[in-house]
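Asker: here's a sequence, model it:
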Amino acid sequence: MRSRNLLPGVPALLVALAAALPAAAGHEILLQDLDEARHGYTVLRVSGDTPFEVGRSLGEALAEDIVASVVEVRERLATGDRYDEIRGLIDSLSFITEELEQEIRGVVQGVHEVLPAAELDELDVKLRNTYGDWGWIQGCRSHSCWGRYVAPPVRTLSTRRLDMGTPFQSSLHHVLCAFDPTDGGVTAGVRWVGLASPGYLVAVTAVNEFGTMASLHDYGSGASLDPGQVSRAVAARHLLTGFPPDLAPDEQLDWAEGEMTAMTLATSSFINYFVPDGPGGVFACHGNGSCDPARRPHPDYRDGEVLLTTNAATDGSTVPSGGDFMDAYYEQGHPKDLASHFELMGDTGLHLMSVAVRGREDMTIWFHGRDMEQRIELEWSKLFAARAFEPIEAADSDATDEADAEARHEIEVETNIEAAESGFAGRTRECGCGAARSNGPQLLWLVPALLARGPRRRGFASRERR
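Answerer: This next block holds a predicted model:
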């Protein structure tokens, strides 16, 4: 039996009115479909006036799942005190901002308010959030397009498929979390949506209110986790939410480039930074931790209106190894739509997310995850309260036409969600063009190599937790 929650008993009009109200500190489960093993998905919104409150809201919302995920990792790494060894390594990393540290402390507080006896501290939360630095992501695929490859009102389509096996059952609880900080601060003021597992505050696959999508790929799979280095998922989160207030999207890549080339990543990676309309790129970070300036859209490939990322290097003028099926998709013509962008990637990955961006806080998000019965289709407006922004272009219709269009759009959104919940949206099509799904035991590739080096830095001793 699967548990479901779709704001039961609340008429669509009241749901729409509630979405327009200012956010308050707390959480709300918007959609949920989980089986007895807690496999499936949860869509929720968390909010707060401070980063601590945002984290606490997340901790309260998913307390039991967060604790279960930490216990699962702890038990799997129990042999030879590996869990405490890795805690020491993670303790030495930089999490960049005090705001993120506050969010992590908030998660711990929120969990303890629901489960006072839970054995959980900040390092437990950090270790689970940095799984991508001591685990193996495998052969991810991502693509983004704009210009002639989209049809108005869509300005950009971006899709990311996360390919990885996992030994952790908690990773089969796919959480789409809408983070709604309300204090207007730098890191804390940007709304964003992340797709990951219970308790994640970093960006594995995520999109911010501007429509910029950030995600991670393996690149060489080298890692060191030396003191002061930055987790790649923490870096991706920083790029999504850490830029100065009112910095325009077409200026954000320059800022991101300065941040990435100044920091040292703990794990070699590609980090996608897909900015709407094309002023984005892909950062390559090497085994020594240094990051190159972004690979930007190349005019010799699809007139600079497409970005492809696999797990292989390219200067952008050619198709990276493993990307031929994506190139063939664009060779077939234009414009593209959200359905084809999403379905191209099949359903072999651990999770898949596509975003159709029309404007700031105006976008459609589709996602699917392993062991989910169907994809979920959502509007940004269903995840967050409405906020007014200057239109990108002058409207062609009068006020009455706009109001009618908005009413039709609201009905369509409700219908799409109900269809997805009822299974009418269907599973994504099988596609034989990506990396093969891994159902076997996950290789925790980094753990033996790191621990073989011996206790050469602080934090290796077992420590008492709350």
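
Asker: quick one: the helices in this structure, in order.
Answerer: 12-19, 51-61, 63-76, 82-91, 98-114, 122-129, 131-134, 232-241, 249-262, 324-331, 338-343, 380-383, 399-422, 446-451 (DSSP state H).

Asker: CSV please, covering the ones you listed and showing mean pLDDT, mean neighbour count and distance to residue 205.
Answerer: All C-beta spots, glycine's among them, are computed from the backbone N, C-alpha and C. Supplementary listing: those in CSV, determined by pLDDT from 0 to 100; neighbours: other Cβ atoms under 10 Å; distance: least, Cβ to Cβ, whole Å:
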stretch, mean pLDDT, mean neighbour count, distance to residue 205
helix 12-19, 40, 14, 23
helix 51-61, 97, 26, 17
helix 63-76, 95, 19, 17
helix 82-91, 90, 21, 21
helix 98-114, 97, 21, 18
helix 122-129, 96, 23, 14
helix 131-134, 84, 25, 11
helix 232-241, 96, 27, 9
helix 249-262, 94, 17, 17
helix 324-331, 98, 16, 17
helix 338-343, 98, 19, 13
helix 380-383, 95, 22, 15
helix 399-422, 37, 14, 19
helix 446-451, 48, 16, 21
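
Asker: make CSV out of these and add distance to residue 167.
Answerer: Formatted as CSV, the helices of the chain follow (distance: least, Cβ to Cβ, whole Å):
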stretch, distance to residue 167
helix 12-19, 38
helix 51-61, 24
helix 63-76, 6
helix 82-91, 13
helix 98-114, 23
helix 122-129, 13
helix 131-134, 11
helix 232-241, 18
helix 249-262, 31
helix 324-331, 28
helix 338-343, 28
helix 380-383, 31
helix 399-422, 29
helix 446-451, 12
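
Asker: so which of those comes closest to residue 177?
Answerer: helix 51-61 (6.8 Å; Cβ to Cβ).

Asker: quick check: which ranges of the stretch 251-400 of the chain have low pLDDT?
Answerer: 389-400 (pLDDT under 70).

Asker: from residue 161, how far off is the closest residue to residue 334 other than its chain neighbours?
Answerer: Sequence neighbours aside, residue 149 is the residue nearest to residue 334 in space, at 4.6 Å (criterion: Cβ to Cβ, 6 or more residues apart in numbering). Separation of residue 149 from residue 161 (Cβ to Cβ, to the nearest Å) stands at 19 Å.

Asker: quick one: which of these two has more around it?
Answerer: residue 161 (27 against 20; other Cβ atoms under 10 Å).

Asker: gap between the residue nearest to residue 334 and residue 386?
Answerer: 29 Å.

Asker: same question, residue 194
Answerer: 21 Å.

Asker: quick one: which of these two has more around it?
Answerer: Per other Cβ under 10 Å, whichever of residue 194 and residue 386 has more neighbours is residue 194, with 24 against 12.

Asker: mind listing what the more buried one touches?
Answerer: 176, 177, 179, 200, 201, 202, 203, 204, 205, 206, 237 (Cβ atoms under 8 Å, 6 or more residues apart in numbering).

Asker: between the two ends of stretch 299-312, how far is it?
Answerer: 20 Å (Cα to Cα, to the nearest Å).

Asker: got the buried residues for it?
Answerer: In terms of neighbour count (16 or more other Cβ atoms under 10 Å), stretch 299-312 has its buried residues at 301, 302, 305, 306, 307, 308, 309, 310, 311.

Asker: just stretch 28-39 next, same as before
Answerer: Within stretch 28-39, the residues that count as buried by 16+ other Cβ under 10 Å are 28, 30, 31, 32, 33, 34, 38, 39.

Asker: out of those residues, which sit inside strands?
Answerer: In strands, judged by DSSP state E, the following of the buried residues of stretch 28-39 are found: 28, 30, 31, 32, 33, 34.

Asker: sorry, back to before: which one among the buried residues of stretch 28-39 gets closest to residue 222?
Answerer: Nearest to residue 222 among the buried residues of stretch 28-39: residue 39, at 32.2 Å, using Cβ to Cβ.

Asker: tell me the pLDDT at the closest one?
Answerer: On pLDDT, residue 39 comes in at 96.

Asker: same check, this time on residue 188
Answerer: With respect to pLDDT, residue 188 has a value of 50.

Asker: out of the contacts of residue 194, flag the one nearest to residue 335.
Answerer: Using Cβ to Cβ as the measure, the one of these that approaches residue 335 most closely is residue 205, at 23.9 Å.

Asker: gap between the closest one and residue 167?
Answerer: 20 Å.
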